[in-house]
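J.: sharing a model prediction with you, sequence too.
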Amino acid sequence: MYPEPVRHAPAHGAVEVHQPTPITPAAIHAAPLVPVQPGTVPAVASVVLPDGRVVTGYAINPAKPEPVAAKPPVSRAAVNVALGGVGFLAVCGGLLLLTTFITALTALITQLITLAAVIFGGWIAVQVFSASGHKGGTTVNIRKAVIKRNRFYQ
């Protein structure tokens, strides 16, 4: 299909640069007629290379950049950060109230325990230091008691 490439002897000295020669419309062979919708297929370009090969292809139109969409005045990331900050402040406020409640409850329990200890201690002190009035219980007077082998003798 393609002609064999022509091998040239290595040139000593200056390098030759060959530019492709475009084919004029008169030199193009008539192609068979193919029904083509107008305006849908770009024009065909052919180029003759220095070694005699012909390269045919479609011209490529440069890609046009897409129009940039209008950016909102505030980015989504900024909105997310702001909402996260509001949520964090709400949680911190709730935690602050919770720790305050726990601290107050601990102080109340400590005061109740101290009050019970003071009242109970006062009741014991009144019992010990009260004047000898009615003393309940049985009084046993032990005079010379002798204990031998786990027996009590009088």
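T.: Looks like it came in fine.
J.: and what about residue 56, helix, strand or coil?
T.: For residue 56, the secondary structure call by DSSP: H, G, I helix; E, B strand; the rest coil comes out as strand.
J.: ok, it - how many residues close by?
T.: Burial measure for residue 56: 11 neighbouring residues, criterion other CB atoms under 10 Å. Heads up, the C-betas are built off the backbone N, CA and C, glycines and all.
J.: and the pLDDT for it?
T.: pLDDT for residue 56: 80.
J.: what sits closest to it if chain neighbours are left out?
T.: Taking CB to CB, 6 or more residues apart in numbering as the measure, residue 56 lies nearest to residue 46, with 4.4 Å between them; neighbours along the chain are not counted.
J.: how far away is the one you found from residue 52?
T.: When CB to CB, to the nearest Å is applied, the distance between residue 46 and residue 52 equals 13 Å.
J.: over to residue 67?
T.: If you measure residue 67 against residue 52 using CB to CB, the figure is 46 Å.
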